[in-house]
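Undergrad: This is a predicted model, with the sequence first.
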Amino acid sequence: MSDNEYLQKATLAGGCFWCMQPPFDALDGVLSTISGYAGGDEENPSYDQVCAGMTGHAEVIQIEFDSRKLSFKEILDVFWKQIDPTTANRQFVDAGSQYRTAIFYHDDAQRQIAEQSKQELEESGLYSAPIVTEIEALKTFYPAEDYHQDYYKHNTERYKLYRYHSGRDQYLEKTWGDKK
């Protein structure tokens with residue numbers, strides 16, 4: 001098999017795409033993460049259009065990874081620990097369907113793994129509310145504008161302020177603590 005045959009993509013919506021990139025960039029086996037939009041009908045949407053909530057798209061990250069080093073299941077294990085999967089159309093301070101949580105699967109194998117992962121989380125007893133994260137086929141992924149790519153690296157102070165004030169880290173610490 002060639003190296004390209006081991007390359008896979010995962011497309012995940014977890015609220016603000018700026019906050020979703022760092023945990024995946026840190027994983028051995030992740031080759032790249034791209035902020036973007038998926039799940040809607042508007043072609044080539046802009047950030048302003050998506051933020052206005054009129055496109056049907058969610059903010060997402062698309063992760064390219066080497067399946068010899070990292071499995072899709074392991075990607076999802078990290079994903080669940082970045083979000084509140086019990087809240088529909090909102091993640092922390094960001095509200096609207098553009099901030100919903102979703103797993104956009106690329107093939108049937110990913111769909112099955114995503115459904116099993118979600119079921120395991122539901123059965124874990126960690127949450128008293130139902131898991132509302134959507135699992136749907138990826139139709140089209142649109143990369144976000146250049147200034148959104150690696151935002152946390154290029155705008156470190158602004159990113160840290162946003163992330164702290166969003167409530168995400170406080171929620172994740174309370175929910176996962178040492179299990180992160």
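TA: Cool, the structure landed. Numbers count the residues shown, from 1 in each chain.
Undergrad: how near is residue 94 to residue 162?
TA: Between residue 94 and residue 162 the distance, using C-beta to C-beta, to the nearest Å, works out to 10 Å. Every C-beta, even on glycine, is put in place using the N, C-alpha and C of the backbone.
Undergrad: Isn't residue 131 up against residue 124?
TA: No - here residue 131 does not reach residue 124: they are 9.8 Å apart, not a contact under C-beta atoms under 8 Å.
Undergrad: higher neighbour count, these two?
TA: Using other C-beta atoms under 10 Å as the criterion, residue 131 and residue 124 rank with residue 131 on top: 17 against 10.
Undergrad: how about that one, what does it touch?
TA: Residues touching residue 131, when contacts are defined by C-beta atoms under 8 Å, 6 or more residues apart in numbering, comprise 85, 86, 118, 121, 122.
Undergrad: Make sure I have this right: it is in a helix.
TA: No - the assignment for residue 131 by DSSP: H, G, I helix; E, B strand; the rest coil gives coil, which leaves it out of any helix.
Undergrad: Need phi/psi at it.
TA: As for residue 131, its main-chain torsions (degrees, to the nearest 10) stand at phi -80, psi 120.
Undergrad: any idea of the pLDDT on it?
TA: Residue 131 is assigned a pLDDT of 97 by the prediction.
Undergrad: Which residues are in contact with each of residue 94 and residue 162?
TA: Counting by C-beta under 8 Å, 6+ apart, the shared contacts of residue 94 and residue 162 are residue 16.
Undergrad: The contacts of residue 131 into JSON lines, with extra columns for neighbour count?
TA: What follows is the contacts of residue 131, written out as JSON lines (neighbours: other C-beta atoms under 10 Å):
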{"residue": "85", "neighbour count": "22"}
{"residue": "86", "neighbour count": "15"}
{"residue": "118", "neighbour count": "19"}
{"residue": "121", "neighbour count": "17"}
{"residue": "122", "neighbour count": "13"}
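Undergrad: What about the residues you listed, which are in helices?
TA: Among these, the members found in helices (DSSP state H) are 118, 121, 122.
Undergrad: Reformat the residues you listed as CSV; add distance to residue 52 and pLDDT.
TA: Listed next are the ones in helices among the contacts of residue 131 as CSV, based on distance: C-beta to C-beta, whole Å; pLDDT from 0 to 100:
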residue, distance to residue 52, pLDDT
118, 29, 98
121, 31, 97
122, 32, 96
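Undergrad: ok, those residues vs residue 158, which is closest?
TA: The shortest separation between residue 158 and any of the ones in helices among the contacts of residue 131 is 31.8 Å, and it belongs to residue 121 (by C-beta to C-beta).
Undergrad: residues in contact with the closest one?
TA: Residue 121 makes contact with 80, 85, 127, 131, according to C-beta under 8 Å, 6+ apart.
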